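Enquirer: need a structure here:
(chains A, B and C)
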Amino acid sequence: MNAMVEQLVVMVAALGQGLIGRAVSLFSVLAAPAPGGMPDPPKVPSSPWFWMPNSASNFASGIDGMFDFLLWVSVVCMIGVAVAIVYFCRRYGATSREANEAAESQADHSNVLEVTWSIIPLFVVIGVFVVGFQQFVSLRTAPRAAYEVHATGQRWKWGFEYPEGLTHPELHVAVGKDVRILIQSVDVLHSLYIPEFRVKMDAVPGRYTELWFNPTQEGTFPIYCAEYCGTSHSDMLSRVVVHSPEGFQAWVAEEIRKIESMPLVELGELTFNQSGCATCHSLDGSAKVGPSFKGLFGRQEKILGQAGITVDENYLRESILEPQKKVVEGFPPSMPTFKGQLSDRRISGLIEYLKTIK
Amino acid sequence: MTSPSATADVLTAPAESDSDSYLTHDKGILSWLLTLDHKRIGVMYLMCVMGAFLLGGVFALLLRTELLTPGRTIVEHDTYNQLFTLHGAVMVFLVIIPGIPAALGNFVLPLQLGAKDVAFPRLNLASWYLWVIGATFLLVSLVTNAADTGWTFYTPYSTTTTTSVIPALFGAFILGFSSIFTGLNFITTMHKLRPPGMTWFRMPLFLWALYSTAVIQVLATPVLAITLLMLIVERFIGIGIFDPALGGDPVLFQHFFWFYSHPAVYIMIVPAFGVVSEIFPTFSRKRIFGYKFIALSSVAIAILGFLVWGHHMFVSGQSVVAATIFSGITFLIAIPTAIKVFNWITTMYKGRIHLDTPMLYALFFLWVFSIGGLTGIFLGVMSLDVHLHDTYFVVAHFHYVMMGGSITAFLAGTHYWWPKMFGRTYNEKWGRIACGLLFVGLNLTFFPQFILGTRGMPRRYYNYLEEFQGLHQLSTIGAYLMGVAFVITAIYLLGSLRKPMDAPANPWGSNTLEWRTPSPPAYYNFHNPPEVVEGPYEYADWVYDKRTRGYQRKASHDS
Amino acid sequence: MAQLVADQVPPHEPSGGHGHADAEHAANPYLAHHFDTPKHQFDSGKLGIWIFLITEILFFGGLFCAYAIYRSLHPDIFVYAHYYLDTFWGALNTGVLILSSLTAAWAVRNAQLGEQKKLIFNIVATIALAFCFLGVKYVEYSHKFHEGTLPGRYFNPTHEVWELESYQKAHGQHGSATAAEGHAAAGHEAAEPAGHAAPAGGEAKQPPPGAPVRPRNVGVFFSIYFCMTGLHGIHVVAGIITWGWLLRRAIRGEFGPAHFGAVDYAALYWHLVDLIWIYLFPLLYLIH
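Expert: Numbers count the residues shown, from 1 in each chain, chains lettered A, B, ... in the order given. Presented below is the predicted three-dimensional model:
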């Protein structure tokens, strides 16, 4: 019986090795990050610490301090557990069952011990709770005079609207200045997460939520969506760019200038890239969630439930603002509206840009 | 009428038990499918749960394989999302929640209590059928564009996605009733079917654990049932309870869901505590340390567990006041849990320790569960949770407690009671090898995930940034190792069933009542209810007999 | 050393041989093998049914909780919408259920005393009253479907609140003249839906002064109404099935002083179903 089990396991192991061998060669072909993800993903900057990312906001040192404390408490406890297990097993190990050795002691309770090892952890957790509470209140209490940015989460991109009237897919801020982000969602739950700042808050449809921070380091850091929201949840990335105060002013001015004075076609291409259109519309003729933009302008399209149309400027504008009105047959009615997110100039730019995709 | 001799004696001739154990008493498939015998129902649950674990495990290996590379490896986005949803739903609802109570508890409880069966044997069979029906609905979802909402079904995504969510919800709904009826049965059994002399504080700790678990099952699961029902109705006819556009609130779903699902994790872990509470004294030949503290801490955990659900929602937009209360109570639960760990360790002190496979799994549990429990503290700190919520840190935490806690204890209990259930011993060498392999595999799979989490890697991510690839690959290799360990375990355990029955009545020298029956027991459990005169962890009267390779009660106790 | 299975094992008897060929089990064919006496079995069953009832309370509790939350968040919706419910039918159903609880409790007594004929009568009466309840619910539900007072996004009433008799009674107003005459039955679950034609063909209805403005999302009220009464109705159906099964057993003479647990437990369940309705009725129908 033993021999048979061993044989079987050897066979399974060999089969497994063969499979793994084949699988590894498969993976080496697929090892490169495949297209279909974000075209321009943020990079995770290297951090001086093993566990935590860069410490780039006012909250990071406090939260990291809490983490380190708990880490060392845990290490001490785990060493204690390991030492106890190993030592007891060696010191009190039985030789064999035949020897019928009795335990050295049948002592089975000690109120002193029970109280001690209840009280000490109780004090530790109370301390940890109090500090955590104070830090949490700080996380949730934005200062009055903070710079406010509106963040909108939608499947599957972030949009940030600045008080200067600028909308942009990335978050840009000035170092050392308090920033308050008002978060909303237009469809399902999302969550705005900036690890380097140690902040996170869910985006809930139907209400506003907020988070705030004060960036302490210039640089570029990733922004993730941290609440599962469907197919491309893991591609719903952005970045936060922390400028010097002068650099930030310059950036805002430049972006506004771009939008107001850039030629329409260029503005259209920029808007196309910033608005996540490529998630559903290809430029090369392949059908994705939505029809390809290649040769779109001037094309005859069959509309679900209606007569056919010719794609012109009005149709394009209507599709951006009220996408459910005329859905091309064969495609799902899942395009979200961009009403309120794109200025008229941007829409005109998009139309001009689309005319160039032949 | 009880006679002490009938209670104290132990079988010496295994061949006798062969002829009329519960396994052989009635023949034919209908005698199993229509059985009212709690032992047969327990065995059917064991086989079903093992099968479901295989299914959930395959999903896990597939999704870990996908995560070998940052982009597409073997499946598309949507398939990956379905994989982690089904992995979670199968593991939570089909494996871990029924797990120890239904598969081991059903078999052991009446025997350990000294009863002839559970209070409601027909209800027990009905619970099993409900499990099968619930599992069928989950399979229906699987094969018809499986749900992709995550096992947590958060709205509004779960009310708007076009995948097969309603069968999955309905399956979980049915499984909830399976769980409720099991709990109801166990509570009544322990109140009403204790034999003379079996006071509450002479009950084995496994029974205390099952009792506490049953209380949670009965009180928490109905709330899940109504939540899932509301979600089904919302999907079906769009009534708007969770839809902000129609006046509803998506966060309300989270409150309802976690009101059940937090106590549910105690359904998953408290029975595990019970199992290891049997194993430590038996394999240290020493009374358990702090019996009353362990017994009452299970009850305390069961009660406190109802008050902390909001610690899953610190960043949901919940108020600071609510978050504070939930965090504070969360820390309180840490104390009774820590007490148990200290008591188990102290049980070994000055004992005589035998490192058979069940004890190896129990020690494995102690180490790994401690890591899981300590990392729960990290997540209970409000400020730190803001950073760690919805990252791989959470995934690592719950896998350490669920896989390292519940499943490891499930394996410990299965190995401990296997000779009693099936009358056969398994190959000890392979038991140790699989245990060691699993230990390495588990830590290799989930420890890197703590690091991924603190570094900001969110969970439920199909694609990820390149910088995280190394840790993901380590994790995947660990997962394959675990798979191998489980396959080995299944092979030698199921393989042992082909041997003739060779197990003694009491291979481990335990003093609880199930070991006073033959291995496997007769279909009626006990001729006469045994009289209980001492606590469950007294070992002085048990002597090892080389011939039978089991323990015998000392002759001086014959009347 | 004596061996456990070496004893004489009697052939398997339905009530469980193996040392239970004792007086109790011989005298009581309904006594299960794992209980010692009929009282032991009855007490255990009683604990079991009480635990089950607690789970039912928690099950409905979720909906009561949703009710409480939405009512506190949107009290205007609840006040506005409740006029669409007819208190008459609600009160009638309350009376029906209370009466059926009486017949159920009586049936338990009959079973305990071995009065088979009266037991059968009372079970039949309970079932009949339960069907009455369902009948009234059918009338209410079908009226709602007809009137368009449906849950969630499907809420699209054919009559405005001020046209309803229940509103007019409460506010001592007459609606528009046409509303008063042709719609004396408005809001009342009448048998001729055809009589509810819209007044004077298609022109916009004028609200009387002081009439409430329809809040957004009135459908939420009806979502909760249909969920709660629907779930309750399902439990009434389950009760009917249970009583039907008990009726069959009663006709076969299974119940008597030593064996009446099933009737007792069913009656307890039925009392809970009644109690839940007694809470539902004022919460949904009697809002001020």
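
Enquirer: Could you give the number of residues near whichever residue of the stretch 201-350 of chain A sits closest to chain C?
Expert: Residue nearest to chain C within the stretch 201-350 of chain A: A:Gly206 (11.4 Å; Cβ to the nearest Cβ). Backbone N, C-alpha and C define where each C-beta goes, glycine included. Close neighbours of A:Gly206, defined as other Cβ atoms under 10 Å in any protein chain shown, add up to 16.

Enquirer: swap in A:Ser105?
Expert: A:Ser105, neighbours per other Cβ under 10 Å, totals 11.

Enquirer: again with A:Gly298
Expert: With other Cβ under 10 Å as criterion, A:Gly298 counts 10.

Enquirer: Quick check: it touching A:Val311?
Expert: Yes: counting by Cβ atoms under 8 Å, A:Gly298 touches A:Val311, with 6.2 Å between them.

Enquirer: Tell me which residues touch B:Leu33, please.
Expert: Going by Cβ atoms under 8 Å, 6 or more residues apart in numbering or on different chains, B:Leu33 touches no other residue.

Enquirer: Can you check the pLDDT for it?
Expert: Confidence at B:Leu33, expressed as pLDDT, is 96.

Enquirer: Distance check, it against A:Trp251.
Expert: 72 Å (Cβ to Cβ, to the nearest Å).

Enquirer: per-residue confidence averaged over the helix or strand hosting C:Tyr138?
Expert: Remark: C:Tyr138 resides in helix C:116-147, with elements defined by DSSP states H and E. Confidence for helix C:116-147, expressed as mean pLDDT, is 95.

Enquirer: What of stretch A:243-259?
Expert: 92.

Enquirer: Okay, buried residues for that stretch please.
Expert: For stretch A:243-259, burial by neighbour count (16 or more other Cβ atoms under 10 Å in any protein chain shown) applies to A:His243, A:Phe248, A:Trp251, A:Val252, A:Glu255, A:Ile259.

Enquirer: Looking at those, spot the one nearest B:Arg64.
Expert: Of all those, B:Arg64 sits closest to A:His243, with 39.8 Å by Cβ to Cβ.

Enquirer: Correct me if wrong: that closest one contacts A:Glu218.
Expert: Yes: if you go by Cβ under 8 Å, A:His243 and A:Glu218 touch, sitting 6.6 Å apart.

Enquirer: Domain parsing of the chain, as residue ranges.
Expert: All of this is about chain A. Domain ranges of chain A: A:147-259, A:263-355, per automatic domain parsing.

Enquirer: ah, I was thinking of chain B
Expert: Using automatic domain parsing, chain B is parsed into the domains B:38-156+B:165-179, B:204-354, B:378-496, B:505-559.

Enquirer: Can you check which of those domains gets nearest to C:Ala170?
Expert: Comparing the domains of chain B by Cβ to Cβ, domain B:204-354 comes nearest, at 24.2 Å.

Enquirer: What pLDDT is listed against residue 211?
Expert: In the absence of a named chain, this looks at chain A. 96.

Enquirer: You answered for a different chain; I wanted chain C.
Expert: 78.

Enquirer: Likewise for C:Gln168?
Expert: 80.

Enquirer: Same check on the one 3 residues further on?
Expert: Per-residue confidence for C:His171 comes out at a pLDDT of 78.

Enquirer: Tell me the residues on the stretch 151-300 of chain B that lie near chain A, please.
Expert: Residues of the stretch 151-300 of chain B that fall close to chain A, judged by Cβ under 8 Å from any Cβ of the partner chain: B:154-157, B:160-161, B:244-245, B:249-251, B:284-293.

Enquirer: from the buried residues of stretch A:243-259, which ones fall inside strands?
Expert: A:His243 (DSSP state E).

Enquirer: Now, the buried residues of stretch A:243-259 that are in helices?
Expert: A:Phe248, A:Trp251, A:Val252, A:Glu255, A:Ile259 (DSSP state H).

Enquirer: Dump the residues you listed to JSON lines, plus distance to A:Val327.
Expert: JSON lines is the format used below for these (distance: Cβ to Cβ, whole Å):
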{"residue": "A:Phe248", "distance to A:Val327": "41"}
{"residue": "A:Trp251", "distance to A:Val327": "38"}
{"residue": "A:Val252", "distance to A:Val327": "37"}
{"residue": "A:Glu255", "distance to A:Val327": "33"}
{"residue": "A:Ile259", "distance to A:Val327": "29"}
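
Enquirer: mean pLDDT lowest for which of the domains of chain B?
Expert: Ranked by mean pLDDT, those bottom out at domain B:505-559, which scores a mean of 87.

Enquirer: dump the residue contacts of residue 186.
Expert: The chain I'm using is chain A. A:Thr152, A:Gly153, A:Gln154, A:Pro205, A:Pro336.

Enquirer: Oops, wrong one, chain B.
Expert: B:Pro101, B:Gly105, B:Leu109, B:Val118, B:Leu210, B:Tyr211, B:Thr213, B:Ala214.

Enquirer: Enumerate the positions of the helix or strand following the helix holding C:Tyr138 that are buried.
Expert: Later in the chain than helix C:116-147, the nearest helix or strand by DSSP H and E is helix C:165-171. Neighbour counts over helix C:165-171 (16+ other Cβ under 10 Å) mark C:Glu165, C:Ser166, C:Tyr167, C:Gln168, C:His171 as buried.

Enquirer: What of stretch A:67-75?
Expert: Neighbour-count burial for stretch A:67-75, counted by 16+ other Cβ under 10 Å, picks out A:Phe67, A:Leu70, A:Leu71, A:Ser74.

Enquirer: what ranges do the helices span in chain A?
Expert: Taking DSSP H, the helices of chain A run over residues A:2-30, A:60-91, A:111-140, A:245-261, A:264-274, A:313-321, A:344-355.

Enquirer: Just want the angle from the fourth one to helix A:344-355.
Expert: What it means is helix A:245-261. 60 degrees (axes from the mean of the first three to the mean of the last three Cα atoms, to 10 degrees).

Enquirer: burial of the spatially closest residue to B:Arg194 that is not a sequence neighbour, as a residue count?
Expert: Leaving out its chain neighbours, the residue that sits closest to B:Arg194 by Cβ to Cβ, 6 or more residues apart in numbering or on different chains is B:Leu113, at 6.0 Å. By other Cβ under 10 Å, 27 other residues sit near B:Leu113.
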